[in-house]
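Student: Fold the following.
(one chain, ligands or ions: 1)
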Amino acid sequence: MELHLPTLIVTAVSLNLLVGVLMLIIFQSRRSQKSFLTWAIACFVFALGAIVASLRTSIDQQWLTIFVADLLIVLTPLLAIHGLRQYQVQGPVSLKLLTLVISYTALPLTLLYTAPNHAQVFTSVVCAAIFLFAAAYMLSIKNAPSLTKGILFFLFLVHALLMFGLAGTLFQNLSEANPMAVEPLLNLILITHLFLTTGTTMLFPVFAFAMTEKQLLELANFDDLTQLYNRRAFYERSSLLLAKNRVLRRPFVVLMIDVDHFKTINDRYGHTAGDACLQQLAYLLRYATRDQDIVARVGGEEFAIAIPDIDRNQAELLSYRLCEQVSQEIFEVNGERVPLTVSIGIIYSQSSRRELEELIEAADGALYEAKAQGRNGFAFA
Ligand SMILES: Nc1nc2c(ncn2[C@@H]2O[C@H](COP(=O)(O)OP(=O)(O)OP(=O)(O)O)[C@@H](O)[C@H]2O)c(=O)[nH]1
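Tutor: Below you'll find the predicted structure:
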């Protein structure tokens, strides 16, 4: 089946207009999220650029069909990146940078006014560079859902390569005795360009929603200071793990860990230093345990670890090792060493028959015991 170029342009323009309107509707209901407005503008700018560029064959107004069209085509990916950065807390692409790129594109385009083919080569190279930047930018976005991030990265990269390919083909065309010879190749590149642009714009709202969902999930499940599970997630995940262990009649252990004399540490070194110690301790706990263990910060200076499939001796050895490691770890604040120890309460349930709340309560009681015995140690319930 042969692809009909005008039909494709009409389809791409219509899809971009539709996605643009969809973005505007989303923006209406989420006015604080300006990226949707920016992406809507990007869609409209692309649609306008495609319409104006497609007039090249029917009207002889180069200032419009080359100069304005090329500027609109360059502006589209810039707006897309601008929207992506607005969605991040990193802030938008500075308006200065945007103006700079457009001005540096407009100037050579003006100089190339009488050489429209050269102008097209130049525009393609600029677009390729912007898409390459967009691909690199996608990689730098942390905390983004990997699937949509990966697809967008791929689309930007392919688009950059395509634009370099277009520039090369157009350049070759300049010296070609028969410019019509590369026409099919140019059409194929143009068609791919339309597909890529439309696909990318359609992915933006998906990316934005997936990202928001990921952030909300993290806010709901993770402790901001230590990045460990929070109390809610600890209960939720440990309950599931406990239920699974109960079915399999396997043992289950809960450790309640509390920093000793943390009030004194805060009073002496300051609250910020206390926070830094908690972060370092959290890292140590996560590092000292297995992937399947659930490590959480369940209170100010209180941590909990749920451990499946571990016998009583191993639980004792782990608690001993944790106390040792924490007391030997160097917690340093402003060049000063902060002495830090922990006390641990352990509950061992042989076939996981007891409820989680019961286990936590028992481990808490054992923790109280460990504190009473002089701290920097552990006790069994
Ligand atoms: N820096 C910092 N301090 C916190 C945080 N959450 C709780 N704290 C402090 O932790 C201290 C806990 O003190 P206490 O409950 O009296 O216990 P303690 O001083 O550790 O004494 P023992 O537990 O009996 O060894 C309080 O001073 C809280 O202000 C936090 O997120 N950061």
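Student: give me the element the closest residue to residue 202 other than its chain neighbours is part of.
Tutor: Closest residue to residue 202 apart from its sequence neighbours, by Cβ to Cβ, 6 or more residues apart in numbering: residue 19 at 5.5 Å. Bear in mind the C-beta positions are built from the backbone N, C-alpha and C, glycine included. Assigned by DSSP states H and E, residue 19 belongs to helix 5-29.
Student: Give me the buried positions along that helix.
Tutor: Neighbour-count burial for helix 5-29 flags 8-9, 12-13, 15-17, 19-20, 22-24, 26-27 (criterion: 16 or more other Cβ atoms under 10 Å).
Student: Could you pull out the helices in the stretch 1-150 of the chain for me?
Tutor: Secondary structure of the stretch 1-150 of the chain by DSSP state H, counting those that start in this stretch: the helices cover 5-29, 35-54, 62, 69-87, 95-111, 116-140, 146-175.
Student: quick one, the first one and helix 35-54 angle?
Tutor: In this case it means helix 5-29. 160 degrees (axes from the mean of the first three to the mean of the last three Cα atoms, to 10 degrees).
Student: Let me know the angle separating helix 5-29 from helix 69-87.
Tutor: Put simply, helix 5-29 runs at 30 degrees to helix 69-87, going by the same axes, to 10 degrees.
Student: residues near the residue nearest to residue 311 when sequence neighbours are not counted, how many?
Tutor: Nearest in space to residue 311, with sequence neighbours left out and distances taken as Cβ to Cβ, 6+ apart, is residue 251 at 6.2 Å. Neighbourhood size, residue 251 [other Cβ atoms under 10 Å]: 19.
Student: Please name the residues that touch residue 251.
Tutor: 245, 308, 309, 310, 311, 312, 348, 349, 350, 351, 352 (Cβ atoms under 8 Å, 6 or more residues apart in numbering).
Student: What subset of the residues you listed is buried?
Tutor: Here, 16+ other Cβ under 10 Å leaves 245, 308, 309, 310, 348, 349, 352 buried among these.
Student: Closest to the ligand out of the residues you listed?
Tutor: Relative to the ligand, the closest of the buried ones among the contacts of residue 251 is residue 348; by Cβ to the nearest ligand atom it sits at 22.8 Å.
Student: Show the pLDDT at the residue nearest to that closest one when sequence neighbours are not counted.
Tutor: Of all residues not flanking residue 348 in the chain, residue 312 sits nearest, at 4.9 Å (Cβ to Cβ, 6+ apart). Note for residue 312: predicted pLDDT of 93.
Student: cool, residue 212 as well?
Tutor: With respect to pLDDT, residue 212 scores 86.
Student: Where does pLDDT dip in the protein?
Tutor: Within the chain, the stretches with pLDDT under 70 are 1-3, 88-94, 176-181.
Student: Show me which residues of it sit near the ligand.
Tutor: 225, 258-263, 266, 271, 274-275, 278, 300-301, 371, 375 (Cβ under 6 Å from any ligand atom).
Student: a markdown table for the contacts of residue 251, including secondary structure?
Tutor: Listed next are the contacts of residue 251 as a markdown table, based on DSSP: H, G, I helix; E, B strand; the rest coil:
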| residue | secondary structure |
| --- | --- |
| 245 | helix |
| 308 | strand |
| 309 | coil |
| 310 | coil |
| 311 | coil |
| 312 | helix |
| 348 | strand |
| 349 | strand |
| 350 | coil |
| 351 | coil |
| 352 | coil |
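Student: Among the buried ones among the contacts of residue 251, which one lies nearest to residue 330?
Tutor: residue 310 (28.4 Å; Cβ to Cβ).
Student: Break the protein into its domains for me.
Tutor: Using automatic domain parsing, the domains assigned to the chain come out as 5-211, 231-380.
Student: Is it correct that residue 315 is in contact with residue 306?
Tutor: No. Assessed by Cβ atoms under 8 Å, residue 315 is found out of contact with residue 306, at 11.5 Å.
Student: Looking at these two, which one has more neighbours?
Tutor: Remark: of residue 315 and residue 306, residue 306 carries more neighbours, 28 against 23, as counted by other Cβ under 10 Å.
Student: Can you give me the neighbour number for the nearest residue to residue 182 once chain neighbours are set aside?
Tutor: Leaving aside its chain neighbours, residue 182 sits nearest to residue 173 (5.1 Å; criterion: Cβ to Cβ, 6+ apart). Residues near residue 173, counting by other Cβ under 10 Å, number 19.
Student: Could you do residue 151 as well?
Tutor: Residue 151, neighbours per other Cβ under 10 Å, totals 16.
Student: Residue 303 should be in a strand, yeah?
Tutor: Yes. Counting by three-state DSSP, residue 303 is found in a strand.
Student: State the distance from the nearest residue to it once chain neighbours are set aside to the ligand.
Tutor: Leaving aside its sequence neighbours, residue 303 sits nearest to residue 257 (Cβ to Cβ, 6+ apart; 4.3 Å). Going from residue 257 to the ligand by Cβ to the nearest ligand atom, to the nearest Å gives 11 Å.
Student: i'd like the first residue to be 487 from this point on
Tutor: Okay, residue one is now 487; in that scheme the one you just asked about reads as residue 743.
Student: how would you label residue 743: helix, strand or coil?
Tutor: Assignment for residue 743 (three-state DSSP): strand.
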